[in-house]
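J.: Take this sequence and fold it.
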Amino acid sequence: MLPSQIHVLERGWLSCNSVLLTGSDGTALIDSGYGAHAPQTAALVAHVLAGERLARLVNTHCHSDHMGGNRALEEAHGCRVTIPAGEAPLIDAWDEQALVLSFADQRAERFHYHDTLAPGDVIRLGEIDWQVLAAPGHDLHAVMFYSPDERILISGDALWEDGFGVIVPALFDRLEAFEETRVTLESIARRDVRTVIPGHGHVFTDVSHALDRAFGRLESYEEDLLRLARHCAKVMIVFVLLERRRMAVADLPRYVSDVALLRALNARYLGMTPEALAEWLVADLARAGAVRVEHGHLLPLVRA
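T.: This next block holds a predicted model:
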């Protein structure tokens, strides 16, 4: 059971979950979803606030599905935008490769931030003091928010009920990202957490089992980079399908050749022709129940 001032806007997998906190210290939102969903995000926030202004927007990290609505909300509310300090140089330069935007065929509108936060800081949101915790792994500069009093962790993509965000850096010469992920998971395990509000999926309370699954998944990726590469490629295809809603199967070989991230994964790990890679992706995702083929088009089956 969450305190009444915490409202979790649970989204599908194209956008992250957003956490809206209300109270006498002003209203704040943690993470703003994907840019294509910005109107929906704004409508959800407006419904909860019932005419109040959003005072502050805070990001756990700056991937497209977490900060894609920043600009729209800033323009609508004039809210103060706060990002992790480590992300500031990337946002200042709007480095689309480091931000995994053009590199992965993802989009976000450039936005401006007002201040930064760093691990060790304490931020007051929704009349609750939150410790800012480092959460590297999926993203080197990511943070989490932990309330010892409420025993709540807002984990971003560091821990979900069944895993964590793809450790893309480990696939591109940063194998230390595996150890960083382990340190992040151990940091969670050391704390008295009753409830986790994840970046994707349902709020959950069985933290021990979620950590067991996460450690197990991490070990499997450390033992087999090819497994991680395959997982990453499938996630990227599902993501683009959630945005576009459909893609002609005949266009998929060209797509996996054109998108830099998929092209690099194939060159480094998979070693397939574009046609063979496309065929494998369709078959494996269909077998997993993530997509279906209908009239020559690939459609997503997971919730956007």
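J.: quick check: longest helix of the protein.
T.: Criterion DSSP state H: the longest helix present in the chain is helix 225-244.
J.: ok, and what's touching it?
T.: 12-14, 34, 36, 65, 104-106, 166-168, 170-171, 220-221, 247, 252, 255-256, 259, 261-262, 265-266, 268-270, 277, 281, 284-285, 288, 290-291, 298-300, 302, 304 (Cβ atoms under 8 Å, 6 or more residues apart in numbering). Any C-beta I mention is one placed from the backbone N, CA and C, and that applies to glycine too.
J.: tally of neighbours for Q97?
T.: Residue crowding around Q97 was assessed by other Cβ atoms under 10 Å; the count is 12.
J.: confidence score at the closest residue to E10 other than its chain neighbours?
T.: Spatial nearest neighbour of E10, chain neighbours left out: N17 (5.2 Å); criterion: Cβ to Cβ, 6 or more residues apart in numbering. N17 is assigned a predicted lDDT (pLDDT) of 98.
J.: quick one: contacts for N17?
T.: Contacts of N17 (Cβ under 8 Å, 6+ apart): 8-11, 31, 197-201.
J.: in stretch 246-263, what counts as buried?
T.: Across stretch 246-263, burial judged by 16 or more other Cβ atoms under 10 Å covers 247, 249, 252-253, 255-256, 259, 261-262.
J.: Mind putting those into TSV with secondary structure?
T.: What follows is the buried residues of stretch 246-263, written out as TSV (DSSP: H, G, I helix; E, B strand; the rest coil):
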residue	secondary structure
M247	strand
V249	helix
L252	helix
P253	helix
Y255	helix
V256	helix
V259	coil
L261	helix
L262	helix
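J.: In terms of distance to I91, which of the residues you listed ranks first?
T.: L261 (20.0 Å; Cβ to Cβ).
J.: Do I have it right that that closest one meets A104?
T.: Yes. Assessed by Cβ atoms under 8 Å, L261 is found in contact with A104 at 4.4 Å.
J.: if we can go back for a sec, which two from the buried residues of stretch 246-263 end up farthest apart in space?
T.: V249 and L261 (20.3 Å).
J.: Secondary structure class of the closest residue to V122 other than its chain neighbours, three-state.
T.: In this structure, V122 finds its nearest non-sequential neighbour in D129, 5.4 Å apart by Cβ to Cβ, 6+ apart. When classified by three-state DSSP, D129 comes out as strand.
J.: One more: the one 10 residues further on?
T.: Three states are possible here, and by three-state DSSP the one that applies to D139 is coil.
J.: tell me the contacts of it?
T.: Applying Cβ under 8 Å, 6+ apart to D139 gives the contacts 61-63, 157, 165.
J.: what about the nearest residue to I128 once chain neighbours are set aside, distance to L133?
T.: Leaving aside its sequence neighbours, I128 sits nearest to S147 (Cβ to Cβ, 6+ apart; 5.1 Å). Going from S147 to L133 by Cβ to Cβ, to the nearest Å gives 11 Å.
J.: quick one on the thing from earlier: quick check on the residue nearest to E10: phi, psi?
T.: phi -70, psi 140 (degrees, to the nearest 10).
J.: With the one 4 residues further on instead?
T.: The main-chain torsion angles of L21 are listed as degrees, to the nearest 10 and equal phi -120, psi 130.
J.: Look up the pLDDT of the residue lying closest to it once chain neighbours are set aside for me, please.
T.: In space, L21 comes closest to G126 once its chain neighbours are excluded; the distance is 2.9 Å by Cβ to Cβ, 6+ apart. Note for G126: predicted pLDDT of 97.
J.: Could you do the one 3 residues further on as well?
T.: Looking at D129, its pLDDT reads 98.
J.: What of A98?
T.: In this model, A98 carries a pLDDT of 88.
J.: right, and it touches L90 too?
T.: Yes. Counting by Cβ under 8 Å, A98 touches L90, with 5.0 Å between them.
J.: ok, back up a step: how close does the residue nearest to L21 sit to A42?
T.: G126 sits 20 Å away from A42, going by Cβ to Cβ.
J.: okay, those two: which has more neighbours?
T.: G126 (24 against 19).
J.: count of residues packed around R194?
T.: Count around R194 with other Cβ under 10 Å applied: 12.
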